[in-house]
Structure formats: structure tokens, C-alpha cells
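J.: quick one: sequence and predicted model below, then my questions.
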2 protein chains.
Amino acid sequence: MKALVYEGVEKLAIRDMQRPVPDAGEHLIRVHAVGLCGSDMHAYLGHDERRPAPLILGHEAAGVIEAGPQEGRRVTINPLVTCRDCAYCRAGRENLCQSRQIISMPPREGAFAQFIAMPDSNLVTVPDNVPLATAALAEPLAVSWHAVRLGLEALHPAMERRALVIGGGAIGLAAALSLAAMGVDDVTLVEPNDSRRAYLTEVCGQTCVALAETTAPLVIDAVGYAATRATASQVADPGGVIVHVGLGDNADGLDIRRMTLQEITFIGTYTYSAQDFHDTAQAIFDGRLGALDWAETRALAAGAAAFADLQAGKVAAPKIILDPWA
Amino acid sequence: MKALVYEGVEKLAIRDMQRPVPDAGEHLIRVHAVGLCGSDMHAYLGHDERRPAPLILGHEAAGVIEAGPQEGRRVTINPLVTCRDCAYCRAGRENLCQSRQIISMPPREGAFAQFIAMPDSNLVTVPDNVPLATAALAEPLAVSWHAVRLGLEALHPAMERRALVIGGGAIGLAAALSLAAMGVDDVTLVEPNDSRRAYLTEVCGQTCVALAETTAPLVIDAVGYAATRATASQVADPGGVIVHVGLGDNADGLDIRRMTLQEITFIGTYTYSAQDFHDTAQAIFDGRLGALDWAETRALAAGAAAFADLQAGKVAAPKIILDPWA
């Protein structure tokens, strides 16, 4: 099969690779759509020691089961493989399983390839009327869905349901869409990049500002750098909640004194539970997350150029989807 | 009346001051016991711009109503004066009231004095069998009671009820006692100071270690410096909760990457709600917070020496109580 292989810092190449062989309980899936994530970009730049070259990246995939009794079943893939038996898994917090794996991180290859093998329990059936390129958005949307769910659960019931989302990339936009799907209709995206802000406003119908100038009870930091955490800890209302999604840098930024004196809660979040993934997929299928027409599809063969364009700031769309069969 | 007045960095003196005149709805209270808090020490060292000299410090007080229809009523004092009308006050989160005042911070003088005037709604009646020096512990205990309550509320129901408390001062000890009162019986205090650790073990019956070597689902940072936050963010279990009580320094310390990947929640906490204060006082009166025999009483006239001894590390007891009439 063809795969886009990460071979070193800023080096990606299409290679002929062995087609994966499914283990017991797994299916071989023909990948039709796979999104490019900020974490793939991190790895491509050599910033993610968890993803050493050579490696097939990509973990936002949808496709069709290739063979066996379920041949032809259209599925979107939950890329987190967990033990399903530890206290965290049993509590429905699979993302905290200490033996969790994610495709695109050893020992599991990623989905920038024509085929991938996945456990049956990681698959969610996609209805015939939903394009697989849309279904592939379930993964990034689930990240934000989970973050928003935790934030709303932590928010004191007496506080207004109003949110600021810092960062207008796919995760920030997905957070705004998830908030709307959960009934929070007063959401403002903070995005300093003019062309991205124009896209979010005009194509995605979002309310955007260049700088956070008001406070909010719920603040989603969908970037995860010291500078965005500094903003988040200034604009969260007293008694409010900051949800932190990104892995930009490791430390600094938070105004701990203000957070202590004003009782602000900070929640680190990573990926999603299996239930969140299912709920997000269902919300996509039901249309509750909007038209989801903000992804741009390119051929997997043009994947290296897509990374380079993204890195050069030449992409206005919040998400690029690669098609391994185009 | 006599009062211990903070007159400048490391300068305290007993002065003759005007007896306070109660406003409508307030009582004049003869102060019999008033605790010395870390925040008083902060002010004494010139580190708290909210408490400029000259000022009467002290906010952990109990005493007796001096005159009027309630003359002779023994009370412990909630030092937070709030508007009782804003959304936060109406939600029972008075500590977040944006017009909150606390005695010992302008415009309100503190309780290192023979008398203080306080609103009736700030007073909790002390039963005859409870010494006023014990009742004065309601304030620091309420700080920890509140912190522990928020931490336990935020802890996922599937997680073990087990806690590490970083710092064995009054707030750390009070957190351990509050945890026990709320049914958490596996609590370890982390205190590097040998004599303080010996006191906590031998006098207070606590489980203590010099260094945190195990993890826990709930971690209380009862110190509030970058170094203790760094420890807290290393020893919190995945999916766990850090509650941060202190105002040691403003920033740094947290391992944000670990907190994000392992979904750790950080809650800043400050003081308590009116209900927490009442609940804590009741727990003191019922004996649920233990013997509370770990405070050392000195005369207010010897207050300057008490500050100096504390600063020199010469005090093993977690709390010094001053008696303005000794």
C-alpha cells in the first residue's frame, strides 16, 4: 500500500509499505479520509519525542472495512486503543488508561496510508448520507466535545453559560460548535490571524475577535502556549473555569495569584472518552455540529506539500483532509 | 483600647487606639483570642500591598459581645464582609463577591486589638463548653474545609478518596483534619521541617513524610509556591485534582504538559463561603475536627516577639493565638 511516511524533521515521502495484518478482533480498513492535526505538524517539525521517525502519522481517519463478514461497513475510527479493563477504562475515562495507545505513535502506525488495522470496538458506523471526509472530523471534534463537556460540568450552576474560545484552529472552532450543540449560544472565538478570522466569520458563521477584551465564566484555551494561558487566566470570571486542550509548551503563563484569589479552576484535557467519541459522531450525523464544510480535501500524494503550506501559513481552512485514493 | 499596630516592615507596636464604633447592624466585640496567620506574616514582612502600614492586622478572632441586647454572647467571627446581594453572594459563594472586604485590610482594621466591630451576620455563637481560643480556629479551619470540599466535589466519583497535603502549617494540618471529618481517612502530610513533622506526628497524630514519594487522587497545596506546585503537579494521579490554597508567589511551578496529558484539575481557592464557615464552626463544636490542642497562646503585648519567633523558625506549634487581655 501507499503511505505518507515521516522520515525526519520536515521530511515526508510517499512509500510502498506492507499492508497491515489485523489481529484477532481487528478489521482491515480502507482509509478514505484522514485529517491533518496540529500534533502531526508537531511531529513533522521534530517537536514530539513520542513520535520518532520513521513513522506513519495521522489519527483522524474514516474508511470502509475491506474484508470479512463486515466488508463494506463505513466507519469512523476512534484512534485511542485502551485496555478496557483498568479502573479508568471501567469508569468510562479510557483516555486516562495508563496503557493507552494512539495510532500514529509507536507501537501503532498512523492512518496517512491506504489501509489501517483497528479493533472492532474502535469503530463507529457512518450512515450512508454522511461523507467519509465529514466523518473523519469526529476525532478532532471529539477532543473539543470532551473539553467542553468537562468545562460545563465543572462550571458552578449559578454561573452564566457563556464562553470565550482562545484560538481559531480546528480545535477552537470545534469547541465553539460543541458549545453551541450543548446549548451555549453566547460564544466568542479569539483569533489574531486576520485571514483565519475572516474565514471563521464568513464561512463558519462564528463570532470572532482579534483580542480578548471581555471576561467569561468559561474559557477554552485551544492553543496551549504560555501566552494563551496568560490570557485565559486574565479573562476567566471569578469562580470560572479554564479548559486547556493544547500541548504547545510545558509551563508558565497562568496567573496563579489571580486564580487563587478569584477561585478559578484550570482543567487539563486530552482526547476523549469512548462515549464522547460516540456522542460526537452522533452529533455530526444528526447535523448538530453544523454543516462541517470547513475542511479542504487534498490527495495523500500531495501530503508533504500540505504540511509545508500549513507551516508557511498558506492555509485558511481550519482542517486539511487527505485522501489516500485520490 | 490596646492594639498591636503594624507600622512598617517588621515593625509592630502596642498602641492606644480609639475603640471602634459599631455601625447599624454591627456589634462591638471584646476580642479574647485572635490567631496569627501566614498572611499577617506576609504583611509584616512588607510583602502584601493590600495591607499597607499603619494597620491593625489579625482576622482569626473570637470574643464576647460587649454591650446591647446580645451582651455576653460568645462568638467566633467570620472576617469576610460581603454585599450579600450580588450573584455570587446569592449563589452562596460570598468569597467571590467583588466588593468583599476582610478585616485587617483597608477599609477595615483587624482584630489584633481589644475590641472590634462586626456585622451581626458575621457572628457564629460559641457554646459555653468551647474555649474562645479554640473557637478562634474556625477561620483557618474554614479555609481548609472549603478547599477540601471543593476538591472532593471535583474528584471523579470513581476515584479513591485518598489525599496528600503539601505543607504542615496550620492550613495543611486543618486540611488533614477537614479531610478526616469528611470521611477521607487515608491522608498524608508532606512537611520537610523535622521539628514541625515531629510535632504533627506526636502531638497531632498525623501521618507525615518529609518528601512526597507516592501519588494521590487529591493533592492539597497548602503552601502555594512554585516549588510546591511543581510537586503537586507531579504527584497528582491521572484524572486527579490539585487544590491550591496559598498565596506564596504568583506564577510558575505547574507541569502544564503533564496536567494536560493526564487531565489533572487545578482549583484556586480563597477563604470560604458563609455556609463553610458555619459548617466548620459546628464541626469544631461537635469535636469532629479533633482536640484542636495544637495552638499556643501568648499575650497580645508579646505579639511583636511572636512574629519575630515565627519568622526565625522558633515555633513548633502550627498556630499562635494572641490574647488581648492577658
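T.: Everything's here; your move.
J.: for stretch A:39-58, which positions count as buried?
T.: Neighbour-count burial for stretch A:39-58, counted by 16 or more other Cβ atoms under 10 Å in any protein chain shown, picks out A:39-40, A:42-44, A:48, A:51, A:55-58. Where you see a C-beta, it was placed from the backbone N, CA and C, and this is true even at glycine.
J.: same question but for stretch A:62-69, I mixed them up
T.: For stretch A:62-69, the neighbour count (16+ other Cβ under 10 Å) marks A:62-66 as buried.
J.: among the residues you listed, which are within reach of chain B?
T.: Among the buried residues of stretch A:62-69, no residue is within reach of chain B (Cβ under 8 Å from any Cβ of the partner chain).
J.: what number of residues lie near the spatially closest residue to A:Gly246 that is not a sequence neighbour?
T.: Of all residues not flanking A:Gly246 in the chain, A:Gly224 sits nearest, at 2.1 Å (Cβ to Cβ, 6 or more residues apart in numbering or on different chains). A:Gly224 has 24 neighbours, counted by other Cβ atoms under 10 Å in any protein chain shown.
J.: hang on, the earlier thing: dump the buried residues of stretch A:62-69 into CSV; add distance to A:Tyr6 and secondary structure as well.
T.: Formatted as CSV, the buried residues of stretch A:62-69 follow (distance: Cβ to Cβ, whole Å; DSSP: H, G, I helix; E, B strand; the rest coil):
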residue, distance to A:Tyr6, secondary structure
A:Ala62, 21, strand
A:Gly63, 20, strand
A:Val64, 25, strand
A:Ile65, 26, strand
A:Glu66, 24, coil
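J.: does any part of stretch A:40-50 sit near chain B?
T.: No. Contact of stretch A:40-50 with chain B (Cβ under 8 Å from any Cβ) is absent, the minimum separation being 9.6 Å.
J.: what is the mean pLDDT for that stretch?
T.: Throughout stretch A:40-50, pLDDT has a mean value of 93.
J.: now do the end-to-end distance for it.
T.: Terminal residues of stretch A:40-50 lie 11 Å apart, using Cα to Cα, to the nearest Å.
J.: circling back: now the buried residues of stretch A:39-58 in a markdown table, with secondary structure?
T.: Output for the buried residues of stretch A:39-58, formatted as a markdown table (DSSP: H, G, I helix; E, B strand; the rest coil):
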| residue | secondary structure |
| --- | --- |
| A:Ser39 | helix |
| A:Asp40 | helix |
| A:His42 | helix |
| A:Ala43 | helix |
| A:Tyr44 | helix |
| A:Asp48 | coil |
| A:Arg51 | coil |
| A:Leu55 | strand |
| A:Ile56 | strand |
| A:Leu57 | coil |
| A:Gly58 | coil |
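J.: tell me which two of those sit farthest apart.
T.: The two members of those with the most space between them (Cβ to Cβ) are A:His42 and A:Ile56, at 15.5 Å.
J.: residues from the stretch 51-200 of chain A in reach of chain B?
T.: Listed as neighbours of chain B in the stretch 51-200 of chain A under the rule Cβ under 8 Å from any Cβ: A:87-88, A:90-91, A:93, A:95-96, A:98, A:150, A:154, A:156, A:158-159.
J.: in helices only, show me those.
T.: A:87-88, A:90, A:150, A:154 (DSSP state H).
J.: could these be laid out in TSV, adding pLDDT and neighbour count?
T.: Output for these, formatted as TSV (pLDDT from 0 to 100; neighbours: other Cβ atoms under 10 Å in any protein chain shown):
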residue	pLDDT	neighbour count
A:Ala87	96	14
A:Tyr88	98	25
A:Arg90	97	13
A:Leu150	98	19
A:Ala154	98	19
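J.: A:Ser121: which of those is nearest?
T.: Nearest to A:Ser121 among these, with distances taken as Cβ to Cβ, is A:Arg90, at 14.2 Å.
J.: could you pull up the residues touching the closest one?
T.: B:Ala158 (Cβ atoms under 8 Å, 6 or more residues apart in numbering or on different chains).
J.: can you check A:Ala43 too?
T.: Per Cβ under 8 Å, 6+ apart, neighbours of A:Ala43: A:6, A:51, A:55, A:57, A:104.
J.: and those, which two are the farthest apart?
T.: The widest separation within the contacts of A:Ala43 (Cβ to Cβ) is 9.0 Å, between A:Tyr6 and A:Ser104.
J.: residues shared between the contacts of those two?
T.: In contact with both A:Tyr6 and A:Ser104: A:43, A:51, A:55-57, using Cβ under 8 Å, 6+ apart.
J.: pull up the distance across stretch A:58-73, start to finish.
T.: Start-to-end span of stretch A:58-73 (Cα to Cα) is 21 Å.
J.: now it, how far from the centre of its chain.
T.: What separates the centre of stretch A:58-73 from the centre of its chain is 20 Å, taken as Cα atoms, centre = their mean, to the nearest Å.
J.: repeat that for stretch A:285-304.
T.: Worked out by Cα atoms, centre = their mean, stretch A:285-304 lies 13 Å from the chain centre.
J.: buried residues, it. List them.
T.: A:285, A:289-290, A:292, A:294-295, A:297-298, A:300, A:302-304.
J.: grab the CA positions of it and hand them over as PDB.
T.: Extracted in PDB, the C-alpha atoms of stretch A:285-304 (Å, rounded to 0.1, in the frame of the first residue of the first chain):
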ATOM      1  CA  PHE A 285     -24.700  12.500  11.900                       C
ATOM      2  CA  ASP A 286     -27.600  14.500  13.300                       C
ATOM      3  CA  GLY A 287     -26.300  17.800  11.900                       C
ATOM      4  CA  ARG A 288     -26.000  19.300  15.500                       C
ATOM      5  CA  LEU A 289     -22.400  20.400  14.700                       C
ATOM      6  CA  GLY A 290     -23.300  22.400  11.700                       C
ATOM      7  CA  ALA A 291     -22.500  21.900   8.000                       C
ATOM      8  CA  LEU A 292     -18.900  20.900   8.700                       C
ATOM      9  CA  ASP A 293     -18.000  22.300   5.300                       C
ATOM     10  CA  TRP A 294     -14.800  24.000   6.500                       C
ATOM     11  CA  ALA A 295     -12.300  21.200   5.600                       C
ATOM     12  CA  GLU A 296     -10.200  21.200   2.500                       C
ATOM     13  CA  THR A 297      -9.500  17.800   0.800                       C
ATOM     14  CA  ARG A 298      -6.200  17.000  -0.900                       C
ATOM     15  CA  ALA A 299      -4.600  13.900  -2.200                       C
ATOM     16  CA  LEU A 300      -2.400  11.900   0.200                       C
ATOM     17  CA  ALA A 301       0.300  12.100  -2.500                       C
ATOM     18  CA  ALA A 302       0.300  15.900  -2.000                       C
ATOM     19  CA  GLY A 303       0.600  15.400   1.800                       C
ATOM     20  CA  ALA A 304       4.100  16.700   2.100                       C
END
